[in-house]
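**Q** give me a model of this one.
(chains A, B, C and D)
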There are 2 protein chains.
Amino acid sequence: MALPFKKRVMIVEDDQEIRNSFSLIVNSSQKFTVVNAVGSCEDAISLLNRDKPEIVLMDIELPGMNGIQGTKIIKDKSPHTDIIMVTVYEDSELVFEALKAGASGYITKSANYMELLSALEEIVKGGAPMSSRIARMVIDNFHVNPNSPLTKRETEILQLISEGKTYTQISEELFISKETAKTHIKNIYSKLQVNSKSEAIAKANLEKLI
Amino acid sequence: MALPFKKRVMIVEDDQEIRNSFSLIVNSSQKFTVVNAVGSCEDAISLLNRDKPEIVLMDIELPGMNGIQGTKIIKDKSPHTDIIMVTVYEDSELVFEALKAGASGYITKSANYMELLSALEEIVKGGAPMSSRIARMVIDNFHVNPNSPLTKRETEILQLISEGKTYTQISEELFISKETAKTHIKNIYSKLQVNSKSEAIAKANLEKLI
DNA sequence: AAATTATCCCGTATTAAGGGGTATTACGTA
DNA sequence: TACGTAATACCCCTTAATACGGGATAATTT
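**A** Predicted structure coming up:
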């Protein structure tokens, strides 16, 4: 069946060969059409209003503005445009930065014909295409450390601290005296080697204690 | 080719029909074998050492201990066992709780033959099988709100607060006076309607400002 | 039964953080 | 050019949190 409205795809990629090859692949599908293929985020951003892409395939390493910064701006100007990062890097910092910036998918440049098109289709059906490694990286990021040095009660209190509660609120919520709450927090600080609530929260997030 | 070692799968599911149907599907594959199919986490946990499953298919709603609590305990006793939640719920709270507990995949009970087996294969190759909706839910969870009420500088300072820095450290890091840092923080508090660092961090995470 | 761990409570001194103002400079833009 | 916004800086004062003492009772594990 011929679809009346193909999904509009923009490609942002500085390597002309890759850009052309991606364009060919995307255009080969009945469901998608490349509305533009540019070499920089600056170009992509200035063409947003004219080309109205529904999906952007975005490289990370680009001359001028990088793909993460570009993703932020595109999502700001056009929130309903879905952005898929297409890159050689699977470095965890970059991945999380890209996701924070607003990317809805993350695949590698080694993606073949099929993988690229199925990523686009996955986006269309409301999913979030990722390579296996990225998916695991993302999921692992949620896992709470089961080997926490903290006791149950301490973890409970750390949780309340992370919710912004004061000593008084914590003691009231747990039906203990303020002094007891204080002691627990002292013990938490000593175990985590910190000496303030916000440091404790930072360490808790870093080591996935809560 | 016949594989010499099939991956050992345990099924935890209280509905006997579903349990049997899953067992049949898993056993139908050359690559997997069901080492046990039990109706509760308690049973699963007590059989861990004997059956040594490499993958657990885990229901969430179970009589006695629920699947999330069970996941925590299994991951604690057997960290290298991968757990896939198989459930009817795609409620975001439950999903994130399950992932925090240590699940490496999350599919729905409506999963058919193919989907179930490909989830298992995805786990084996180090991925994290998820339904489209779950994947998007997880990715969306990373996105930073582009409509923050905070200025660049304020966001920068909020970031430092979330890293556990004191007023003094912040002022030193940004080459501004302590009083200026204080003013920025006051402004942040007024915009976020909070009045402490930890509350600010909590709100920042909630509204994805950093 | 002993040892360990977790939980609980109190006081005092010091420091960090919060609440209230006020003000200057600079920058972009309406 | 005049306006609003952002970033910078200072003052006084109050409250919250941390540092450092002390000690005690359940609950588990060995």
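**Q** how about low-confidence regions in chain A?
**A** A:1-4 (pLDDT under 70).
**Q** got the residues of it near DNA strand D?
**A** A:166-168, A:182-183, A:185-186, A:189, A:195-197 (Cβ under 7 Å from any atom of the strand). Glycine gets a C-beta too; all of them are placed from N, C-alpha and C.
**Q** just these: which are in helices?
**A** Cross-referencing those against helices under DSSP state H gives A:167-168, A:182-183, A:185-186, A:189, A:197.
**Q** contacts for the helix or strand harbouring residue A:200?
**A** Taking DSSP states H and E as the criterion, residue A:200 maps to helix A:197-206. For helix A:197-206, contacts defined as Cβ atoms under 8 Å, 6 or more residues apart in numbering or on different chains pick out A:158, A:161-162, A:185, A:188-189, A:192-194, A:209-210, B:161-165, B:197-198, B:201.
**Q** list buried residues within the residues you listed.
**A** A:158, A:161-162, A:185, A:188-189, A:192, A:194, A:209-210, B:161-165, B:197-198, B:201 (16 or more other Cβ atoms under 10 Å in any protein chain shown).
**Q** so which of those also contact DNA strand C?
**A** Answer for those near DNA strand C (Cβ under 7 Å from any atom of the strand): residue B:197.
**Q** among the ones in helices among the residues of chain A next to DNA strand D, which two are most distant?
**A** The most widely separated members of those, counting by Cβ to Cβ, are A:168 and A:189 (18.1 Å).
**Q** my read: residue A:86 touches residue A:56, true?
**A** No - contact criterion Cβ atoms under 8 Å: residue A:86 and residue A:56 do not qualify, at 9.7 Å.
**Q** isn't residue A:171 right up against residue A:180?
**A** Yes - contact between residue A:171 and residue A:180 holds when scored by Cβ under 8 Å: they sit 6.9 Å apart.
**Q** so between the two, which is more surrounded?
**A** residue A:171 (20 against 15; other Cβ atoms under 10 Å in any protein chain shown).
**Q** returning to that earlier point: more neighbours: residue A:86 and residue A:56, which one.
**A** residue A:56 (30 against 25).
**Q** strand partners of the strand or helix carrying the more buried one, parallel vs antiparallel please.
**A** For residue A:56, the host element (DSSP H and E) is strand A:55-58. Sheet partners assigned to strand A:55-58 using DSSP bridges are listed as strand A:7-12 (parallel), strand A:82-87 (parallel).
**Q** just how off-centre is the first one within its chain?
**A** How far strand A:7-12 lies from its chain's middle: 20 Å, per Cα atoms, centre = their mean, to the nearest Å.
**Q** kindly export that strand (C-alpha atoms) in PDB.
**A** C-alpha atoms of strand A:7-12 as PDB (Å, rounded to 0.1, in the frame of the first residue of the first chain):
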ATOM      1  CA  LYS A   7       7.300  10.700   7.700                       C
ATOM      2  CA  ARG A   8       9.600  13.600   7.200                       C
ATOM      3  CA  VAL A   9      13.200  12.900   8.100                       C
ATOM      4  CA  MET A  10      16.200  15.300   8.400                       C
ATOM      5  CA  ILE A  11      19.700  14.000   8.500                       C
ATOM      6  CA  VAL A  12      22.500  15.900  10.300                       C
END
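**Q** which residues does that strand contact?
**A** The contact list for strand A:7-12 (Cβ under 8 Å, 6+ apart) reads A:19, A:22-23, A:26, A:31-41, A:43-44, A:47, A:51-59, A:62, A:67, A:70, A:120, A:124.
**Q** pull out the buried residues from these.
**A** A:19, A:22-23, A:26, A:32, A:34-41, A:43-44, A:47, A:51, A:53-59, A:62, A:67, A:70, A:120.
**Q** among those residues, which ones are in strands?
**A** A:32, A:34-38, A:55-58 (DSSP state E).
**Q** quick one: neighbours of residue A:46, just the number.
**A** The burial count for residue A:46: 12, using other Cβ under 10 Å.
**Q** near DNA strand C, which residues of chain A?
**A** Within chain A, the residues that sit near DNA strand C (Cβ under 7 Å from any atom of the strand) are A:151-154, A:174, A:176-177, A:179-180, A:182-184, A:187, A:196, A:198.
**Q** among these, which pair sits farthest apart?
**A** A:177 and A:198, at 23.8 Å, using Cβ to Cβ across the residues of chain A next to DNA strand C.
**Q** who's in contact with residue A:138?
**A** A:95, A:99, A:130, B:128, B:138-139, B:142.
**Q** phi, psi for it please.
**A** For residue A:138, the backbone dihedrals are phi -70, psi -50 (criterion: degrees, to the nearest 10).
**Q** could you check how far it is from residue B:136?
**A** 12 Å (Cβ to Cβ, to the nearest Å).
**Q** equivalent analysis for residue A:107, please.
**A** 15 Å.
**Q** and if you look at residue A:196?
**A** For residue A:196 relative to residue B:136 (Cβ to Cβ), the value is 36 Å.
**Q** higher neighbour count, those two?
**A** Between residue A:196 and residue B:136, counted using other Cβ under 10 Å, residue B:136 has the larger neighbour count: 21 against 14.
**Q** surely that one and residue A:127 touch.
**A** Yes - counting by Cβ under 8 Å, residue B:136 does reach residue A:127; the two are 5.6 Å apart.
**Q** overlap in contacts, these two.
**A** Counting by Cβ under 8 Å, 6+ apart, nothing touches both residue B:136 and residue A:127.
**Q** stretch A:139-157: end-to-end distance?
**A** Start and end residues of stretch A:139-157 are separated by 25 Å (Cα to Cα, to the nearest Å).
**Q** can you pull out the helices in chain A?
**A** Using DSSP H, helices in chain A cover A:16-27, A:41-51, A:67-77, A:92-101, A:113-124, A:132-140, A:152-162, A:167-173, A:178-192, A:197-206.
**Q** which other helices and strands contact the longest one?
**A** Pointing back at helix A:178-192 there. Contact here means 3 or more Cβ pairs under 8 Å, 6 or more residues apart in numbering or on different chains; DSSP states H and E; on that basis helix A:178-192 packs against helix A:152-162, helix A:167-173, helix A:197-206.
**Q** and for the shortest one?
**A** Using 3+ Cβ pairs under 8 Å, 6+ apart as the contact test, the elements touching helix A:167-173 are helix A:152-162, helix A:178-192.
**Q** reformat these as TSV; add distance to residue A:75.
**A** Formatted as TSV, the helices and strands packed on helix A:167-173 follow (distance: least, Cβ to Cβ, whole Å):
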stretch	distance to residue A:75
helix A:152-162	27
helix A:178-192	35
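**Q** pretty sure residue A:150 contacts residue A:188?
**A** Yes - under the contact definition of Cβ under 8 Å, residue A:150 touches residue A:188, with a separation of 6.4 Å.
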